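[1] Curious how this folds, go ahead:
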Amino acid sequence: MATIKIKQIGSPIRRPASQKEILIGLGLNKMHRVVELNDSPEIRGMIAKLPHMVAIVEG
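    Numbers count the residues shown, from 1 in each chain. This is a model prediction of the structure:
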């Protein structure tokens, strides 16, 4: 199964509760934290909702 690395680049302060919940669902809750998850349409959809707060890390 392919994996994808995601890094949190934006703060959840003053963001809607739904965006904070998506970050927690991705396993992110602190700045500059990197997680490796399975690359699935569900994960890609969560990333698409937070383009200002997360980035895909190459490598």
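[2] Surely Leu37 and Met46 touch.
    No: using CB atoms under 8 Å as the test, Leu37 is too far from Met46 to be in contact (9.3 Å). In short, each C-beta sits where N, CA and C put it, glycine included.
[3] More neighbours: these two, which one.
    Met46 (18 against 15; other CB atoms under 10 Å).
[4] In three-state terms, label the more buried one for me.
    Per DSSP: H, G, I helix; E, B strand; the rest coil, the secondary structure class of Met46 is helix.
[5] That one against Leu26, yeah?
    Yes: if you go by CB under 8 Å, Met46 and Leu26 touch, sitting 5.8 Å apart.
[6] and for Leu37 and Met46, which residues touch both?
    Overlap of the contact sets of Leu37 and Met46 (by CB atoms under 8 Å, 6 or more residues apart in numbering) consists of Leu26.
[7] which stretches of the protein form helices?
    Along the chain, the stretches classed as helices by DSSP state H are 17-26, 41-49.
[8] just the angle between the shortest one and helix 17-26, please?
    Here helix 41-49 runs at 140 degrees with respect to helix 17-26, directions being taken by axes from the mean of the first three to the mean of the last three CA atoms, to 10 degrees.
[9] Show residues contacting helix 41-49.
    Ile4, Ile6, Gln19, Ile22, Gly25, Leu26, Leu37, Val54, Ile56.
[10] switch to 6 Å and redo it
    For helix 41-49, contacts defined as CB atoms under 6 Å, 6 or more residues apart in numbering pick out Ile22, Leu26, Leu37, Val54.
[11] Then the longest one?
    Applying CB under 6 Å, 6+ apart, the external contacts of helix 17-26 come out as Pro12, Met46, Lys49, Leu50.
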